[in-house]
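Asker: Based on what follows, work out the 3D shape:
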Amino acid sequence: MAKHSPGKRLAIGALGVFLILIAPIVGVLPGPGGIPLILTGLGLLSINEPWAQKLLMYVQKHSESVQEIFFPPNKLVQWAWDLFVLALIVGGTLINLYFDQGLLRFISIPMFGVSTFLFLLNRQRIEWINKKIRKQNR
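Answerer: Down below sits the predicted model:
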């Protein structure tokens, strides 16, 4: 663990806590929401705090097993997730087309984000995209 001046430790710690605290607020926005903010905040806290470093290492160690639990390589489960994603997209589109109320439209935006996130995690599509990008950058 690096030794920093008290002012730098305070700034890093405050930014890490701030990112963790705003994660639930950002969680309603499209995409993965607050998860990257929580991990970034935890990463900043782990610079100076041993407990945060241990927690971050635990999350890194077990993140793949969580994905395997929710998205197993079972064709039936994969198709069920794809159908659920399709239902979210259709539902969000119908809400946008037929309801003119602001709150319902606001709900439909995260539906598109969540469906995109689930689509990429199912069938390990995100790993496939990462491999293609790495292959092009060589």
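Asker: Run through the helices of the chain in chain order.
Answerer: 6-26, 35-48, 50-70, 75-98, 102-121, 125-137 (DSSP state H).
Asker: burial of L19, as a residue count?
Answerer: For L19, the count of nearby residues is 21 (other CB atoms under 10 Å). In this view, the C-beta of every residue, glycine as well, is placed from N, C-alpha and C.
Asker: ok so, going back, format the helices of the chain as a markdown table; extra columns: mean pLDDT.
Answerer: A markdown table is the format used below for the helices of the chain (pLDDT from 0 to 100):
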| stretch | mean pLDDT |
| --- | --- |
| helix 6-26 | 85 |
| helix 35-48 | 83 |
| helix 50-70 | 81 |
| helix 75-98 | 90 |
| helix 102-121 | 80 |
| helix 125-137 | 81 |
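Asker: which ones are touching the residue lying closest to G43 once chain neighbours are set aside?
Answerer: In space, and not counting its chain neighbours, G43 is closest to L56: 6.2 Å by CB to CB, 6 or more residues apart in numbering. The contact partners of L56, taken as CB atoms under 8 Å, 6 or more residues apart in numbering, are 39, 42-43, 46.
Asker: and of those residues, the nearest to K135?
Answerer: Proximity of these to K135 was ranked by CB to CB; the top entry is L39 with 25.8 Å.
Asker: Not including adjacent chain positions, what is the nearest residue to that closest one?
Answerer: Residue nearest to L39 in three dimensions, not counting chain neighbours: V59, with 7.1 Å by CB to CB, 6+ apart.
Asker: From P24, how far out is that neighbour?
Answerer: Computed with CB to CB, to the nearest Å, the distance linking V59 and P24 is 17 Å.
Asker: What of K8?
Answerer: 27 Å.
Asker: And N74, by the same measure?
Answerer: 32 Å.
Asker: Look at the two and report which has more neighbours.
Answerer: Counted by other CB under 10 Å, N74 and P24 do not tie: P24 has more neighbours, with 12 against 9.
Asker: show me the contacts for that one.
Answerer: G34.
Asker: about what we covered before: out of the contacts of L56, the closest to T93 would be?
Answerer: Minimum distance to T93 across the contacts of L56 is 30.8 Å, recorded for L39 (CB to CB).
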